[in-house]
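Peer 1: Everything below, folded, please.
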Amino acid sequence: MDDVDRAISAALRKIAAPADLPARILAAERDQVRDEGKIVHGPWFTPARVLLAAAALIVAAFVFIGNWSQGQSFEQFRERVATRDAVNTIAGKAGLEMQDKRLSTLEEYLRSASAPAVADGFKAPADFAPVGCRTFRWRGMVYSMVCFYDDKGRGIHLFMARETLFHDRPGGVPTYAKVGGLETASWSKSGTSFVLVAAPGVEIQRAMESAQG
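Peer 2: The predicted structure follows:
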């Protein structure tokens with residue numbers, strides 16, 4: 001949850017429902033039923049309906065904030081980047097916002113975009129060199145991607161998001177899984193959660209062994 005979300009959550013928690021709200025709702029409903037029994041039809045925004053709508057909005061707001069504060073699903077994030085973003089990048093359908101062979105330049109660009117950059121302890125795998133990066137937005141989160149390619153044109157794609165966004169973020173030891181037909185490695189370090197997605201034909205564990213310090 002970022003600063004804006006925390007501010008909204010704090011503001012909502014300060015809103016206290018009137019102590020007599022249930023009694024007022026019931027009384028208004030009884031008045032409405034009595035009036036309708038006399039075949040007296042007023043506007044749709046009767047006191048009872050206004051109170052009920054207000055109560056429903058307050059409850060819905062607290063439910064939304066409560067669910068959001070629990071964090072996003074890392075598994076869903078991994079599935080998205082592996083089956084959508086990486087696939088589109090490999091197919092040439094997702095362009096890069098910055099192209100450069102210097103990782104430091106790509107990191108600087110991502111930081112200027114308020115997006116996660118490559119954390120300490122990760123370097124370009126052997127036989128691979130950085131080629132570019134870009135940012136994405138999904139479900140209110142901002143995440144980033146750095147692409148590394150070898151001389152055969154095969155790529156690995158490093159996706160990064162702030163680890164506090166996920167309630168089920170991975171640990172510090174990389175875990176491997178095939179998602180949507182592509183090999184992935186996932187881990188968290190230095191406040192960032194990573195998903196490394198390999199193009200077909202790339203040995204991801206070998207790449208990881210040379211990339212992690």
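
Peer 1: quick one, strands of this protein?
Peer 2: 98-99, 129-138, 141-149, 155-162, 175-179, 182-189, 192-198 (DSSP state E).

Peer 1: highest average neighbour count across these?
Peer 2: strand 192-198 (a mean of 26; mean count of other C-beta atoms under 10 Å). Backbone N, C-alpha and C define where each C-beta goes, glycine included.

Peer 1: follow-up on the earlier one: mean pLDDT and distance to residue 111 for the strands of the chain - can I get that in TSV?
Peer 2: Shown next, in TSV, are the strands of the chain (pLDDT from 0 to 100; distance: least, C-beta to C-beta, whole Å):
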stretch	mean pLDDT	distance to residue 111
strand 98-99	96	12
strand 129-138	96	11
strand 141-149	96	10
strand 155-162	96	11
strand 175-179	96	27
strand 182-189	96	17
strand 192-198	96	12
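
Peer 1: which stretch among those comes nearest residue 208?
Peer 2: The closest of the strands of the chain to residue 208 is strand 182-189. By C-beta to C-beta, the value is 5.1 Å.

Peer 1: and the closest one with strand 155-162, angle?
Peer 2: When axes from the mean of the first three to the mean of the last three C-alpha atoms, to 10 degrees is applied, the directions of strand 182-189 and strand 155-162 differ by 40 degrees.

Peer 1: and of the strands of the chain, who's closest to residue 105?
Peer 2: For residue 105, the closest of the strands of the chain is strand 98-99, at 7.4 Å, according to C-beta to C-beta.

Peer 1: low-scoring pLDDT stretches of the chain, where are they?
Peer 2: 1-70, 121, 212-213 (pLDDT under 70).

Peer 1: Could you save the strands of the chain as a markdown table and add columns showing distance to residue 120?
Peer 2: Shown next, in a markdown table, are these (distance: least, C-beta to C-beta, whole Å):
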| stretch | distance to residue 120 |
| --- | --- |
| strand 98-99 | 21 |
| strand 129-138 | 16 |
| strand 141-149 | 14 |
| strand 155-162 | 13 |
| strand 175-179 | 20 |
| strand 182-189 | 8 |
| strand 192-198 | 10 |
